[in-house]
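J.: Mind folding the following:
(one chain, ligands or ions: 1)
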Amino acid sequence: MKASANEFSFAAEPYSVQFDPDSTALLIIDMQRDFLEPGGFGELLGNDVSLLRSTIEPCRKILAAARDADIAVIHTREGHRPDLMDAPASKLRRGKLETGIGDAGPMGRVLVRGEPGHDIIPELAPAEGEPVIDKPGKGAFYETDLDLILQNRNIRTLIVCGVTTEVCVHTTVRQANDRGYECIVLSDCVGSYFPEFQRVGLDMIKAQGGIFGWVSTSKEAVAALTKSRS
Ligand code: C5J
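T.: Okay, here's the model as predicted:
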């Protein structure tokens, strides 16, 4: 599995991908109660949040493997200041929701920082020292210090997990790709409320020779990370 000094590879589509564990990070996007649990923003938008729950166990496994292999781990959360001054009016209006962003819901104020719904689900709780990027938009690079953190740690490759595939995962992968990062999206660690968006979202990443990056699985990634540090 070793390609050259400190370079490893694992099976992916459209072709196998090489990575250096020292310049690789696991990026876990928005695995928040607001998207995965009943009563949060995802459900208030009319979605069946149970569709995302299959991502939890594979995410838990790759998170454990990354920690064991001493790979950098970064979490993100989508949400807003309690005064909502960082939320565009268009976002607040969108969906014409009866209970929308900033309103009181079953898990506190919807998509607001510091509220229970904004928390990362307990199964994937960040460990001490793992940065949590609070982002006001869908893309994790928009109005955050993610790029700076990655640059300061010489990270070039991102193993990407989280929700939802076609929204925050896709937007982040596109932003990362334009900034020169290599993205490997793990198909069983990303989820959508729409099965067809899940399929097409993953196809779009790996099409045209990997126009946005690679698609692999948690099994392949766990095996590769484990081997890289053995
Ligand atoms: C959405 C996200 N779907 N994290 N956010 O609004 O994908």
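
J.: Now for residue 186, how many residues are close by?
T.: 27 (other C-beta atoms under 10 Å). Where C-beta positions appear, they are placed from N, C-alpha and C, glycine not excepted.

J.: Direction included, what does the helix or strand that it is a member of pair against?
T.: Assigned by DSSP states H and E, residue 186 falls within strand 182-191. Using DSSP bridges, strand 182-191 pairs in its sheet with strand 157-163 (parallel), strand 214-216 (parallel).

J.: for the residue nearest to residue 87 when sequence neighbours are not counted, what are its contacts?
T.: Nearest residue to residue 87, sequence neighbours excluded (C-beta to C-beta, 6 or more residues apart in numbering): residue 80, at 4.5 Å. For residue 80, the contact set (C-beta atoms under 8 Å, 6 or more residues apart in numbering) comprises 86-87, 101-102, 111-113, 136.

J.: in the lengthiest helix in the chain, what counts as buried?
T.: Ranked by number of residues, the top helix in the chain under DSSP state H is helix 195-210. Neighbour counts over helix 195-210 (16 or more other C-beta atoms under 10 Å) mark 197-198, 201-202, 204-206, 210 as buried.

J.: Tell me where the protein is predicted with low confidence.
T.: Scanning the chain with the threshold set as pLDDT under 70 gives 1-5.

J.: Next, the contact list for the residue lying closest to residue 17 once chain neighbours are set aside, please.
T.: Nearest non-adjacent residue to residue 17, counting by C-beta to C-beta, 6+ apart: residue 214, 4.6 Å away. Going by C-beta under 8 Å, 6+ apart, residue 214 touches 12-15, 17, 182-185, 205-206.

J.: Which of these sits closest to the ligand?
T.: Of all the contacts of residue 214, the ligand sits closest to residue 185, with 13.5 Å by C-beta to the nearest ligand atom.

J.: what separates residue 33 from residue 215, distance-wise?
T.: Distance of residue 33 to residue 215, computed by C-beta to C-beta, to the nearest Å: 27 Å.

J.: Then residue 198?
T.: Distance from residue 198 to residue 215, by C-beta to C-beta: 11 Å.

J.: And residue 94, by the same measure?
T.: Taken as C-beta to C-beta, the span from residue 94 to residue 215 is 29 Å.

J.: What of residue 78?
T.: 23 Å.

J.: Next: residue 139.
T.: From residue 139 to residue 215 the distance is 19 Å (C-beta to C-beta).

J.: same check, this time on residue 15
T.: The value you get for residue 15 to residue 215, if C-beta to C-beta is used, is 11 Å.

J.: Quick check: residues of the protein near the ligand?
T.: 30, 35, 78, 138, 163-164, 167-168 (C-beta under 6 Å from any ligand atom).
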